[in-house]
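**Student:** sequence-free structure coming up:
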């Protein structure tokens, strides 16, 4: 029996449980794909998965190395262009955007471009890819990432993908679609949302083995803690089974 | 032997001889199609014909009733969208636009919308269709039409498709692509061009059986007549043969 | 409607579930086409156009439609002949291409029964749909500038901040309902068009409601076998109607040719109001549905002939040529 | 380049004649890719990407390329590793998606050997090409607003005159050369892509020069049999290069899968400058052409395995997983 689980598995399970049935999710590389497949297999049979390179609702049975590979159009209902799927997103068809990130701030702004100075970076990261588009255009954006003081920062070194920018109203003022923005952040410590008024990051749930102390010790900004914080169930056997089935090589889900 | 010919056949032959090899022509309904096929068969094997509904270089063996029919994509190199072909035109790929018209003025402005007042027209015509686009975006626009005092008018009742608008420079000033505009007008009386400086209509060629008198008697505006006016040869036997082959039912080319 | 309102509409109204949307033409019209709806038909007026839905609108006597006449031909003309249309946005209408002007349409405009409310070019109309499909308020364009068509449109001109030259901005267009006829679709609405797509790739995303009529309904596995052939994904679609020969007397590329005999009869009868009524009675009011119409126009023998014609096994005739 | 200059360029330079443009990779690079050219590759960085031309650029030691890194992966990384690139416009680069960051690319940026000159999102880059493809100075968009990516791009914000809301204008992008790998093409350049087209439908029309590399050259009649499958018409194309497995080690949908063993070797070797040289020597400098490379990576046996993998006849392995 599968009784132990890794932090990554807990994160993927937590993320999978956020997604809703009969909705469309636009997924980024890695954990978002696994979590979406888990959700689709177990909870949301009508969850529709879209990839930025043009794949719409493929019959995914494996994790893909690339969001543009053959897997992303495998028995899809449509294999089209980036323009098409990004236009769908801009038109309002994407319920959930699902991204990874290197750095995030209290307003959910994401950095995947550089650590350090842009001109002479300490670490050069790949840049936006489709992340900015997904974060700009989806109704609700979910981010899944590792949490520590260097990643949960007061100000991201570079805003690649807009969260709530400088706070309430600033998305709309800059021309981004209204009623959009960060929705959940899933880390190895817990699940976060954003305060409805201040748009600042707010703890929503912990895991069986994480504590409030972990939350604050692994963030450079203060995270709002409401009175009631849920504690999520550990990954179920079914969740773990699906994760390992779709990532048998252990690219993301550790083999044991 | 085919020794007689009709005014329509003379017009089609004259128009066919204007087109050039290794160029792209965007054709409207009717005579432009026949003239382009004649040109391609006899003079310009590498003339490429494009239709507004998305057909590119079909192997045309017949006149088509519609610029969007199966014929327009029959063994084509590409069957695409109106957006695609109009974008090609806007991008500068269309050497010749080839249109029909109900009214024209000295600057080559074309009316295919209404005769009389727009709100309560004497005759309601179909409107622009793709004509405005072709006339706006092609490098050189050829118009083929019947000429009389009601069709060659001082001011068209409605400018559907831009010629040189109010004269030199006015296309550019309004945002239309530079170095574009009306090139030739082919009627049952002759072939016209536009004066390089004033952009006013100018006679270029007559037919064996038409005269300078016919030109002015059938126009409500004064047409510039240069010193030298060519007289075109009558339609050749080959030209007539091709016309009848592609329009065996006599839709445009009179049967005898 | 601005892009944010259009997004909100999509969010609230568009179904993302795999449920069968298969219904009869009559249900589809009842559900989605109301008096005063702003409607647009896919295809090219008499090519791959959903005549089956046109007939049903007429049979249900829907009134005061506003019609997006981006190359409208037989589609709009039937509706006008039957008195279903009150206003038109025109790029092309009231004509039958080489067949000449449409008597019914012309009469209606010239007597004021039908009002032309704006003018566009075909590219401008296509780009209105494209702006809407892309979730944008407008698309820039270099057409219609300087003409009366610009003045009768609701486009604007600005100075392009990059080149400093004037550029036209074409506003997005969101029809209440679009009706697109396709070669094949599944019960959810995943639709594949063979041949040219004309404006339908864009129109499908621009419209608030979308009715697909299809020559045949196929299993979803067949769609998934060639996903690069899909023109319209199911979540854009609100109704799926199966009707073979649903574009008759129009042309359906690769399947059947124009029925020029029928067009000749139509164009001749609609020269008078009496003849128009006679046509509508015989072919639309007087039959129960499109299957009945297909019998009346000559049944399978005629349909077989039109298929042969499309394959060029026989020479076309044009009885309307004078 | 403003749209009028771009039009003028097309008018003067694009061939409308049916002449064979078939040539070797080496000819294509010699003719069209110069030192300091601004280049863009079709596909998705390691999916349907023209590695055959990448190798040839490296073999010919073209210098100071400016690279349009709209999802650039193995394409840009090889070029950077070989010192061919000096400036990059980035939407995505220096990464290998799930395989992690690219050691060669990262090193080059972090040491300043390669300069990032602007930042974009994928949609923004796609719409730059689309603006160019449509002959427009810009396209409006609702992405990149409010971010540093906007600041590092050359986009502008205006107030939309219809809704009065702010809207981003993304400027057109006209690469000097684009290289697109396709499933089949004829000798003139009529090209058909199966599967997703990614940005290539737009990129093909945006670029001034276009090199097509193809898995196979087919007769024109085969193109004309399914004209609705054509992605690129010949008059956009300047060179046609036939190279089966031309995307190796990348994925070619429906034909062959990623060669993850090869990627593992590449990513491991490029951790050091010595290893990088060793890789380039073994696989590029040390072979005469792409056929030689295909032998060196394992020959037909490996290629057969990659075809089986694409058909899911065998399970993939990921030797780079730690």
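**Tutor:** That came through, no problem. This is a predicted model, so every value here is computed, not measured.

**Student:** who are the neighbours in contact with residue C:153?
**Tutor:** Neighbouring residues of residue C:153 by CB atoms under 8 Å, 6 or more residues apart in numbering or on different chains: C:118, C:119, C:120, C:124, C:144, C:170. No exception for glycine: its C-beta is placed from N, CA and C like everyone else's.

**Student:** could you redo the last one with a cut-off of 6 Å?
**Tutor:** C:118, C:120 (CB atoms under 6 Å, 6 or more residues apart in numbering or on different chains).

**Student:** now do stretch C:106-124: everything it contacts.
**Tutor:** Residues from elsewhere that reach stretch C:106-124 (CB under 6 Å, 6+ apart): B:86, B:124, B:128-130, B:132-133, C:71, C:80, C:85, C:87-91, C:94, C:143-144, C:149, C:152-153, C:170.

**Student:** endpoint to endpoint, that stretch covers what distance?
**Tutor:** Using CA to CA, to the nearest Å, the end-to-end distance of stretch C:106-124 comes out at 23 Å.

**Student:** can you give me the strands in the chain?
**Tutor:** All of this is about chain A. Along chain A, counting by DSSP state E, strands occupy A:24-27, A:48-50, A:55-56, A:78-79, A:96-100, A:103-104, A:110-111, A:114-116, A:121-124, A:140-144, A:182-186, A:190-194, A:201-206, A:230-231.

**Student:** not what I meant, chain C
**Tutor:** Going by DSSP E, chain C shows strands at C:38-41, C:65-69, C:85-90, C:115-119, C:138-141, C:156-159, C:166-171, C:177-185, C:191-192, C:209-217, C:230-232, C:239-242.

**Student:** which one of the ones you listed lies nearest to residue B:59?
**Tutor:** strand C:177-185 (21.7 Å; CB to CB).

**Student:** returning to that earlier point: in CSV: the strands of chain A, plus mean neighbour count and mean pLDDT.
**Tutor:** Listed next are those as CSV, based on neighbours: other CB atoms under 10 Å in any protein chain shown; pLDDT from 0 to 100:
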stretch, mean neighbour count, mean pLDDT
strand A:24-27, 27, 98
strand A:48-50, 26, 98
strand A:55-56, 28, 98
strand A:78-79, 28, 98
strand A:96-100, 26, 97
strand A:103-104, 25, 98
strand A:110-111, 26, 98
strand A:114-116, 19, 96
strand A:121-124, 18, 94
strand A:140-144, 25, 98
strand A:182-186, 25, 98
strand A:190-194, 23, 98
strand A:201-206, 20, 98
strand A:230-231, 12, 98
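
**Student:** what would those strands look like in a markdown table with distance to residue C:130?
**Tutor:** Shown next, in a markdown table, are those (distance: least, CB to CB, whole Å):
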| stretch | distance to residue C:130 |
| --- | --- |
| strand A:24-27 | 21 |
| strand A:48-50 | 20 |
| strand A:55-56 | 19 |
| strand A:78-79 | 18 |
| strand A:96-100 | 23 |
| strand A:103-104 | 35 |
| strand A:110-111 | 30 |
| strand A:114-116 | 35 |
| strand A:121-124 | 36 |
| strand A:140-144 | 26 |
| strand A:182-186 | 30 |
| strand A:190-194 | 34 |
| strand A:201-206 | 38 |
| strand A:230-231 | 45 |
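
**Student:** nearest to residue D:226, out of those?
**Tutor:** Among these, strand A:78-79 sits nearest to residue D:226 (CB to CB), with 15.7 Å.

**Student:** what strands flank the closest one, and is each parallel or antiparallel?
**Tutor:** If you go by DSSP bridges, strand A:78-79 pairs up with strand A:55-56 (antiparallel).

**Student:** and the contacts of the partner strand?
**Tutor:** Residues contacting strand A:55-56 (CB under 6 Å, 6+ apart): A:50, A:72, A:73, A:76, A:77, A:78, C:233.

**Student:** try it again with 8 Å
**Tutor:** Contacts for strand A:55-56 (CB under 8 Å, 6+ apart): A:48, A:50, A:68, A:72-73, A:76-80, A:85, C:227, C:233, D:196.

**Student:** and what of stretch A:160-167?
**Tutor:** A:99, A:101, A:104-105, A:107-113, A:127-128, A:131-132, A:134-136, A:141, A:159, A:170-171, A:174, A:176, A:181-182, A:194, A:198-200, D:145-149.

**Student:** ok now that stretch, how far from the chain's centre?
**Tutor:** What separates the centre of stretch A:160-167 from the centre of its chain is 15 Å, taken as CA atoms, centre = their mean, to the nearest Å.

**Student:** in the stretch 201-322 of chain C, what residue comes closest to chain D?
**Tutor:** Proximity of the stretch 201-322 of chain C to chain D (CB to the nearest CB) peaks at residue C:228, 5.4 Å away.

**Student:** does that residue touch residue D:196 like I think?
**Tutor:** Yes: using CB atoms under 8 Å, residue C:228 is in contact with residue D:196, at 6.9 Å.

**Student:** distance between the ends of stretch C:225-244?
**Tutor:** Across stretch C:225-244, the terminal residues are separated by 22 Å (CA to CA).

**Student:** and that stretch, anywhere near chain A?
**Tutor:** Yes: using CB under 8 Å from any CB of the partner chain, stretch C:225-244 reaches chain A at C:225, C:227, C:228, C:230, C:233, C:234, C:235.

**Student:** how about the contacts made by the spatially closest residue to the first one that is not a sequence neighbour?
**Tutor:** With CB to CB, 6 or more residues apart in numbering or on different chains as the criterion, residue C:225 has its nearest non-adjacent residue at 7.6 Å, and that residue is residue A:75. Under the criterion of CB under 8 Å, 6+ apart, the neighbours of residue A:75 are A:58, A:59, C:221, C:224, C:225, C:227.

**Student:** how confident was the prediction at the first one?
**Tutor:** In this prediction, residue A:58 carries a pLDDT score of 98.

**Student:** measure the closest residue to it other than its chain neighbours to residue A:54 for me?
**Tutor:** The shortest distance from residue A:58 to any non-neighbouring residue, by CB to CB, 6+ apart, is to residue A:76 (4.1 Å). Noted for residue A:76: a distance of 9 Å to residue A:54, by CB to CB, to the nearest Å.

**Student:** swap in residue A:120?
**Tutor:** 36 Å.

**Student:** repeat for residue A:126
**Tutor:** 19 Å.

**Student:** surely residue C:129 and residue C:203 touch.
**Tutor:** Yes: using CB under 8 Å, residue C:129 is in contact with residue C:203, at 4.8 Å.

**Student:** on that earlier part again, just the contacts of residue A:75 now: which is nearest residue C:100?
**Tutor:** For these, the nearest to residue C:100 is residue C:227 (42.3 Å; CB to CB).

**Student:** list the contacts for that closest one?
**Tutor:** So residue C:227 contacts A:55, A:56, A:58, A:73, A:75, A:76, A:77, A:78, A:79, D:195 (CB under 8 Å, 6+ apart).

**Student:** farthest pair in those residues?
**Tutor:** A:77 and D:195 (13.5 Å).

**Student:** how about the residues of the stretch 201-322 of chain C near chain D?
**Tutor:** C:227, C:228.

**Student:** now with 7 Å, please.
**Tutor:** Neighbours of chain D within the stretch 201-322 of chain C, by CB under 7 Å from any CB of the partner chain: residue C:228.

**Student:** would you map the helices across the stretch 201-322 of chain C?
**Tutor:** C:220-225, C:260-269, C:273-280, C:290-296, C:299-310 (DSSP state H, counting those that start in this stretch).
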